[in-house]
Every structure is written in structure tokens, then in C-alpha cells.
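S.K.: requesting a structural model of the entry that follows:
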Amino acid sequence: MWSSDRTSVVLLVFFASILSSDAQTSTPAPGQVACALRSNISCDECLKNVTCLWCNPTSQCMDYPASNILPPRSLCPLNDARWGVCWVNFQILIITMSVLAGILLISILVCCICCCKCERIGNKREDAKMEQQTRVRKAHQKARRTEMQLRHDEIRNKYGLSKDNPYSRMNDH
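M.R.: Numbers count the residues shown, from 1 in each chain. All right, here's what the predicted structure looks like:
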């Protein structure tokens, strides 16, 4: 429970810092009407200016409190506050961002685990392949060594150099 609250706060800080980077000034840009002058009109009209916050029950348009991440409850309750678009309140935004962040973290974790697992499986396959090649190489080497020994024995027999006792001297014949 505590980690999900912490995650949602961290996400809100992140998104609020991104979204409020343009909203740091309280003076409206030329051609924009101040937020307080848009009260009692409509939510859509109020939120055309990104620095404005709409409070549903009071139908007030006010400057977004950029010093706070979330608007204080005294200003407007989270489930009644609208910012950016009229159909999403801050509570839904917090819950949605928390769920999306959780899904993102879990998917990254699953990807990392899968990559590590695939790498280990690939290494095991490579090791098995190398062991098989080594066994084949040793078998060929043993066959060549045996063949060479047979040829040497034939040559010794041909020239009468074969010995019954392999430890006897060559001079004895």
C-alpha cells in the first residue's frame, strides 16, 4: 500500500514537473485571458489555458498552484478538480498513472528476466555444441592415431622390425 502511494506521488511529481514547466508564470501570455476571468463560463473554455484549473462544484476557473504538485483540498477536492481535459479528474489521473507505471515496471522486469534466461539458454546450447565438437574431434584423433599405429606396425613387419616384446632392444634381432 505504501509503495503504491509513494509511486503515485513520484509519478505525479514527474508529470506535474513536465506539465507545469510551461505553467510557472502566473501572468497570462498576450492574447490569453486570466484564469479567474473564465469562472462560471465552462470547463472547456477554462482549460484552453494550460495554467488554469477548473473546480466542478464551484464552477471556478483558477490558476494552477504551481508551487504544489497537487492542488490543495482547500482549493478544490481532487475528485472535482480538472486540469488539461474536462473528463479526467485528479483522482483518476493518479490511479491511472500509478497503474501504468506499475505495468511499465513489471514489463521491464519481465523483459530483463527473459533476456537473462535466453542468454543462459543460448550459452548452454553453445557449451553443449562445443562439447559435442570436442568429442567428435577426439574421436577422429583417436581413429587417426590407431590407423597410424597400424601402418607403423605393417612397416615394421615388412622390414622384420617387429618385436614380440616391446621393451626388447632393437639390436637383438
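
S.K.: CA atoms of stretch 136-154 as PDB?
M.R.: Extracted in PDB, the C-alpha atoms of stretch 136-154 (Å, rounded to 0.1, in the frame of the first residue of the first chain):
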ATOM      1  CA  VAL A 136      34.000 -35.600 -32.400                       C
ATOM      2  CA  ARG A 137      37.500 -34.100 -32.700                       C
ATOM      3  CA  LYS A 138      38.900 -36.500 -30.100                       C
ATOM      4  CA  ALA A 139      37.200 -39.500 -31.800                       C
ATOM      5  CA  HIS A 140      38.700 -38.500 -35.100                       C
ATOM      6  CA  GLN A 141      42.100 -38.000 -33.500                       C
ATOM      7  CA  LYS A 142      41.900 -41.400 -31.800                       C
ATOM      8  CA  ALA A 143      40.900 -43.100 -35.100                       C
ATOM      9  CA  ARG A 144      43.900 -41.400 -36.900                       C
ATOM     10  CA  ARG A 145      46.300 -42.400 -34.100                       C
ATOM     11  CA  THR A 146      45.100 -46.000 -34.300                       C
ATOM     12  CA  GLU A 147      45.300 -46.000 -38.100                       C
ATOM     13  CA  MET A 148      48.900 -44.600 -37.900                       C
ATOM     14  CA  GLN A 149      49.900 -47.200 -35.400                       C
ATOM     15  CA  LEU A 150      48.600 -50.000 -37.700                       C
ATOM     16  CA  ARG A 151      50.600 -48.500 -40.600                       C
ATOM     17  CA  HIS A 152      53.700 -48.400 -38.500                       C
ATOM     18  CA  ASP A 153      53.200 -52.000 -37.400                       C
ATOM     19  CA  GLU A 154      52.800 -53.100 -41.000                       C
END
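
S.K.: and it, how far out from the chain middle?
M.R.: Offset of stretch 136-154 from its chain centre (C-alpha atoms, centre = their mean, to the nearest Å): 55 Å.

S.K.: quick one, strands of this structure?
M.R.: Secondary structure of the chain (DSSP state E): strands located at 52-55, 60-63, 81-83, 85-89.

S.K.: please convert the ones you listed to JSON lines, extending it with mean pLDDT.
M.R.: What follows is the strands of the chain, written out as JSON lines (pLDDT from 0 to 100):
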{"stretch": "strand 52-55", "mean pLDDT": "88"}
{"stretch": "strand 60-63", "mean pLDDT": "88"}
{"stretch": "strand 81-83", "mean pLDDT": "85"}
{"stretch": "strand 85-89", "mean pLDDT": "84"}
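
S.K.: out of those, deepest packed?
M.R.: Of all the strands of the chain, strand 52-55 carries the top mean neighbour count, a mean of 24, counting by mean count of other C-beta atoms under 10 Å. (C-beta placed from N, C-alpha, C; glycine too.)

S.K.: elements contacting that strand?
M.R.: helix 43-46, strand 60-63, strand 81-83 (3 or more C-beta pairs under 8 Å, 6 or more residues apart in numbering; DSSP states H and E).

S.K.: thanks a lot, catch you later.
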